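Novice: Quick one: sequence and predicted model below, then my questions.
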Amino acid sequence: MFGMIKKLATNHFNKYSGNKDFIEAVAAASALVAAADGKVEDDEVLAAIDAAKANPKLGAAYRQSEIEDAMNTMLGRVKTPSGRALLKRELEDVAKKDINMREDVYLAALDVAHSDGS
């Protein structure tokens with residue numbers, strides 16, 4: 001029984017660990033949410049990075065430096081129309097993945113939306 005539970009947990013972890021599409025989609029969605037009002041304030045950048053680092057699935061699958069790098073890259077792209085188009089492509093990369101991964105991207109972006117106290 002415990003062996004089966006461990007195998008399921010390991011398989012779930014392995015699905016995310018090292019999967020660039022997942023971390024990039026989370027960072028892209030988070031950046032788009034942070035910029036939804038047309039601008040990205042410094043406190044929104046910090047809140048987005050903090051929310052991503054606090055996400056249990058990201059924290060288990062990636063080092064904090066990997067999370068910060070992905071978030072900083074995507075937050076840099078959100079400033080231009082062409083950059084936002086690239087962010088949407090990152091989301092398309094996970095559109096064909098399993099439902100759990102897509103849901104986890106959504107939930108991480110939701111965390112960013114609520115991270116400023118609203």
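Specialist: Yep, that arrived.
Novice: and the residue nearest to the spatial centre of the chain, what helix or strand is that in?
Specialist: For the chain, V26 is the residue whose C-alpha lies nearest the centre (C-alpha atoms, centre = their mean; 1.8 Å). Assessed by DSSP states H and E, V26 sits inside helix 20-34.
Novice: what's in contact with that helix?
Specialist: 16, 40, 44-45, 47-48, 51-52, 55, 58, 61-62, 66-67, 70-71, 73-75, 77-78, 84, 87-88, 90-91, 93-94, 97, 101, 104-106, 108-109, 112-113 (C-beta atoms under 8 Å, 6 or more residues apart in numbering). All C-beta spots, glycine's among them, are computed from the backbone N, C-alpha and C.
Novice: if we go to 7 Å?
Specialist: Under the contact criterion C-beta atoms under 7 Å, 6 or more residues apart in numbering, helix 20-34 has outside partners 16, 40, 44-45, 48, 51-52, 58, 62, 66-67, 70-71, 73-75, 77-78, 84, 87, 90-91, 93-94, 97, 101, 105, 108-109, 112-113.
Novice: In three-state terms, label L110 for me.
Specialist: helix (DSSP: H, G, I helix; E, B strand; the rest coil).
Novice: can you check V40 too?
Specialist: At V40, secondary structure determined by three-state DSSP is coil.
Novice: Can you tell me how far the nearest residue to V94 once chain neighbours are set aside is from K88?
Specialist: Closest residue to V94 apart from its sequence neighbours, by C-beta to C-beta, 6 or more residues apart in numbering: A25 at 4.3 Å. From A25 over to K88 the distance is 10 Å, taken as C-beta to C-beta, to the nearest Å.
Novice: who has more neighbours, the two?
Specialist: It is A25, of A25 and K88, that has more neighbours when counted by other C-beta atoms under 10 Å, with 29 against 11.
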